[in-house]
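*Asks:* Predicted coordinates and the sequence they were generated for:
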Amino acid sequence: MELKKNPKADLNRNSSLYFVIGLTVVLFATWRMLEYKTYDTNEEFAQVLEVQDNMDEEVPVTEMVRTTPPPPPPAAPDVIEIVEDVEEVEETIIESTESSQDTYIEDAIISVDDVNVGEEEEDIVVPFAIIEKVPVFPGCEPCKTEKERKACFNKMVQEHIKENFTYPPAALEMKIKGRVFVQFEINSKGTVTNIRKRGPDRLLEREAERIIASLPQMKPAMQRGSPARINYSVPINFMIQ
């Protein structure tokens, strides 16, 4: 007899549905196991509450230390006896071995006429504009008035700068130009000293210092009849044509 399979009895027909259902059940059971929590019962709380502290501790007894009181002060005598001085004490007089004060003052006084007071000359630098007699530049000797000497001095300084002027080659190559302010002193011997300069570059400052340092020695300025130091300033222009 040939067996025939019923098409309705095919188990593979709903296998995917059964798989999904089983997977869902397993995941739900796993989730519930992970979320499961346990709590203490009332009996455990009761056992904890029944624990009592043992307060029967022995406290040590302290004893008061007794110290002996200090002895009483001695009693005052009933009668106070007054003892008179028997021996007389001689006072020792200390005499000075130095001479009297009046004699010392007379010896210390010196007559004012015996003291030589030397006049100390003040080394003051006088500005060129207010000096009584300006320095005499070589070539300005024929000038008679002070105004003429000042004008001649300024003119000779400018001519000296023009004659000794040399543009520094390095500054000329780099096209460095500008004005250098030079300030110097002419001492009581007529020599140029203490040259100070300020300009846009060191090359120009060095050239300006060299020109002023080459000024000739001149007759010094006069202030109150004595040689004096003067202060003089002049600008030197370095221009490239």
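*Replies:* Yes, it's here. Residues are numbered from 1 along each chain as shown.
*Asks:* Check what pLDDT the residue lying closest to residue 206 once chain neighbours are set aside gets.
*Replies:* In space, and not counting its chain neighbours, residue 206 is closest to residue 168: 7.4 Å by C-beta to C-beta, 6 or more residues apart in numbering. C-betas here are computed from N, CA, C, even on glycine. Looking at residue 168, its pLDDT is 92.
*Asks:* Show me where the chain has its strands.
*Replies:* Ranges of strands in the chain, per DSSP state E, are 125-127, 178-186, 192-198, 221-223, 226-238.
*Asks:* Would you tell me which of those strands gets closest to residue 158?
*Replies:* strand 226-238 (7.8 Å; C-beta to C-beta).
*Asks:* That closest one packs against which elements?
*Replies:* Packing contacts for strand 226-238, counted by 3 or more C-beta pairs under 8 Å, 6 or more residues apart in numbering; DSSP states H and E, involve strand 125-127, helix 146-164, strand 178-186, helix 202-213, strand 221-223.
*Asks:* quick one: strands adjacent to it?
*Replies:* Strand 226-238 has the following strand partners under DSSP bridges: strand 125-127 (parallel), strand 178-186 (antiparallel), strand 221-223 (antiparallel).
*Asks:* quick revisit: for the residue nearest to residue 206, list the residues it contacts.
*Replies:* Listed by C-beta atoms under 8 Å, 6 or more residues apart in numbering, the contact set of residue 168 reads 203-204, 206-207.
*Asks:* Comparing the helices and strands packed on strand 226-238, which comes out most buried?
*Replies:* Highest mean neighbour count of the helices and strands packed on strand 226-238: strand 221-223, a mean of 20 (counted as mean count of other C-beta atoms under 10 Å).
*Asks:* Could you pull up the mean pLDDT of that one?
*Replies:* Strand 221-223 comes out with an average pLDDT of 91.
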